[in-house]
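**Student:** Have a look; sequence and predicted model below, questions after that.
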Amino acid sequence: MMRKIDQAHVSGRVLAEGGTVKIGTVELHNRTDDIMDTILVDPQGHYSFHLTPGKWKLRAWDVHGRRGEVTVELRSGADAAVDIELEP
């Protein structure tokens, strides 16, 4: 018998000054603030992570040095849409 994998999904866009960021990075942190993964946004500013349920922190920045951060609590089997707004 196969064991069911407990998963959740978070995705969204990185935004700045009313639009999407075309070149940016999203960093994934766990509860103890360790860096777990780092990805680049696609040309439309989208990012996506498949994760285990729990509390996660997303930090983002763009090529202009603008930064943003959000925390998300993911439940088993849930899909969360979370945009990250960068500070000017």
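**Tutor:** Alright, I've got the coordinates. Numbers count the residues shown, from 1 in each chain.

**Student:** Find the residue at the geometric middle of this structure.
**Tutor:** Leu58 (4.6 Å; Cα atoms, centre = their mean).

**Student:** burial count for the nearest residue to that residue once chain neighbours are set aside?
**Tutor:** Of all residues not flanking Leu58 in the chain, Val70 sits nearest, at 5.2 Å (Cβ to Cβ, 6 or more residues apart in numbering). The C-beta positions use only the backbone N, C-alpha and C, and glycine is treated the same way. Using other Cβ atoms under 10 Å, Val70 has 15 other residues around it.

**Student:** Look at Val70 and give its secondary structure.
**Tutor:** strand (DSSP: H, G, I helix; E, B strand; the rest coil).

**Student:** Ser48 versus that one, what's the distance?
**Tutor:** 15 Å (Cβ to Cβ, to the nearest Å).

**Student:** cool, Ala60 as well?
**Tutor:** 13 Å.

**Student:** ok, Gly24 - how many residues close by?
**Tutor:** For Gly24, the count of nearby residues is 25 (other Cβ under 10 Å).

**Student:** quick one: pLDDT of it?
**Tutor:** Per-residue confidence at Gly24 stands at 98 (pLDDT).

**Student:** what do you get for Lys4?
**Tutor:** Note for Lys4: predicted pLDDT of 61.

**Student:** And the one 4 residues further on, by the same measure?
**Tutor:** Each residue has a pLDDT score; the one for Ala8 is 92.
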